[in-house]
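Chemist: Take this sequence and fold it.
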Amino acid sequence: EEQAYIHFLVDCCKKEQLDAILPLTDLEIDVLNNNRQFFDKENIQLLMQAPNCLTIARDKMAMYDLFINDPHINVPTSCHSTKLKPNFPIPAIAKPTNGRSSEGLMRITDPKQFDLVIDKDNYIIQEMIPGTVYTVDYVRDNQGNDFAIPREELLRTKNGAGTTVRIIANTSLQKAASYIGAKLNIIGCVNMEFIANKDNFYLIDINPRFSAGIAFTHKIGFDVVTNHL
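Modeler: Model (predicted):
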C-alpha cells in the first residue's frame with residue numbers, strides 16, 4: 001500500500017505539473033521520508049525537515065538520548081520499555097516511540113501496569129511531570145534566522161490539540177526553541193511541546209510539521225505557512 005501511495009503521488013505531481021509536496025501529518029512525513037528517492041528522481045521537492053532532523057523528531061527515545069545530558073534543555077526521566085529499571089518513578093507515561101496525537105498512550109499509576117508495556121519493543125516510559133503544557137510554533141531559515149511563538153494550552157482535546165490558548169512572550173521558551181532549532185538544524189516550521197513545572201520547562205515532544213493550533217499563531221499576525229515556504 002505504501003508503494004502504491006508513493007507512485008500515486010509522483011504520478012499526480014507529474015500530471016498536474018507540481019514541483020513540491022507539503023505533508024501535514026506525521027504519518028505522511030514518515031512515509032515520504034522513507035521514499036525520498038522517488039521524488040528526488042522527478043525533482044519534486046518535499047517541504048519538510050531533513051532526514052537527520054526527523055530521526056530525532058520522530059523518535060521520542062532518540063530525542064531523550066540527545067538531550068538527557070544537555071545543560072540547556074530539560075527532559076523527563078525516560079527509558080525504553082525493554083530496559084525498564086526497578087523503582088522507576090510513578091506515576092509514569094508509556095507511549096510509542098514514534099507515536100502521534102497521543103495514540104497508544106497509557107498512564108501508569110501502579111507498578112503492575114508496567115507489565116502491559118515491558119515486552120513492547122517500540123515504547124518509551126517517562127515520568128509524569130505535573131504542570132501546564134506550553135507549545136511553541138517555531139520557524140527557522142537556512143541562515144539561522146528564526147522566530148518562536150509560545151502559547152499556554154488552557155484547554156486541550158484528548159489527542160493533545162489546544163482549543164483554548166494564551167499567546168505569551170516567554171524568553172526562556174523562545175531561547176529553548178532557538179537552541180533546539182540550531183541543534184537539529186531545523187529548516188522551516190515545527191512545533192515543540194513543553195511542560196512547565198515550578199521554574200523549569202521540560203521538552204516532551206517535537207512535531208516536525210504545522211501544529212493543530214497553527215491558526216492561533218496566524219491570528220496574532222505571524223504567517224507561519226508563508227515563512228515555512
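Chemist: Could you say which helix or strand holds residue 28?
Modeler: Here residue 28 sits within helix 26-33, counting by DSSP states H and E.
Chemist: Please give the centre-to-centre distance between that helix and its chain.
Modeler: Distance, stretch centre to chain centre, for helix 26-33: 13 Å (C-alpha atoms, centre = their mean, to the nearest Å).
Chemist: model confidence over it, on average?
Modeler: Per-residue pLDDT over helix 26-33 has a mean of 97.
Chemist: List the contacts of it.
Modeler: Here helix 26-33 makes contact (C-beta atoms under 8 Å, 6 or more residues apart in numbering) with 2, 5-6, 21, 23, 39, 46, 48-49, 51, 54, 58, 98, 100-101, 207-209. In this view, the C-beta of every residue, glycine as well, is placed from N, C-alpha and C.
Chemist: ranges for the helices of this protein?
Modeler: Along the chain, counting by DSSP state H, helices occupy 2-16, 26-33, 36-41, 51-57, 60-67, 171-184, 214-219, 224-228.
Chemist: buried set for stretch 37-50?
Modeler: Across stretch 37-50, burial judged by 16 or more other C-beta atoms under 10 Å covers 39, 44, 46, 48-50.
Chemist: could I have it exported to PDB, CA atoms only?
Modeler: C-alpha atoms of stretch 37-50 as PDB (Å, rounded to 0.1, in the frame of the first residue of the first chain):
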ATOM      1  CA  GLN A  37      14.400   8.800  -3.800                       C
ATOM      2  CA  PHE A  38      11.300   8.600  -5.900                       C
ATOM      3  CA  PHE A  39      10.600  12.300  -5.500                       C
ATOM      4  CA  ASP A  40      14.300  13.300  -5.900                       C
ATOM      5  CA  LYS A  41      14.300  11.400  -9.200                       C
ATOM      6  CA  GLU A  42      11.500  13.600 -10.500                       C
ATOM      7  CA  ASN A  43      12.800  16.900  -9.000                       C
ATOM      8  CA  ILE A  44       9.800  17.100  -6.700                       C
ATOM      9  CA  GLN A  45      10.700  18.900  -3.500                       C
ATOM     10  CA  LEU A  46       9.500  17.600  -0.100                       C
ATOM     11  CA  LEU A  47       8.800  20.700   2.000                       C
ATOM     12  CA  MET A  48       9.600  19.000   5.300                       C
ATOM     13  CA  GLN A  49      12.500  18.500   7.700                       C
ATOM     14  CA  ALA A  50      15.700  16.700   6.600                       C
END
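Chemist: per-residue confidence averaged over it?
Modeler: 98.
Chemist: quick one on the thing from earlier: export the buried residues of stretch 37-50 to TSV and tack on distance to residue 83?
Modeler: Below are the buried residues of stretch 37-50 laid out as TSV (distance: C-beta to C-beta, whole Å):
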residue	distance to residue 83
39	36
44	40
46	34
48	31
49	28
50	29
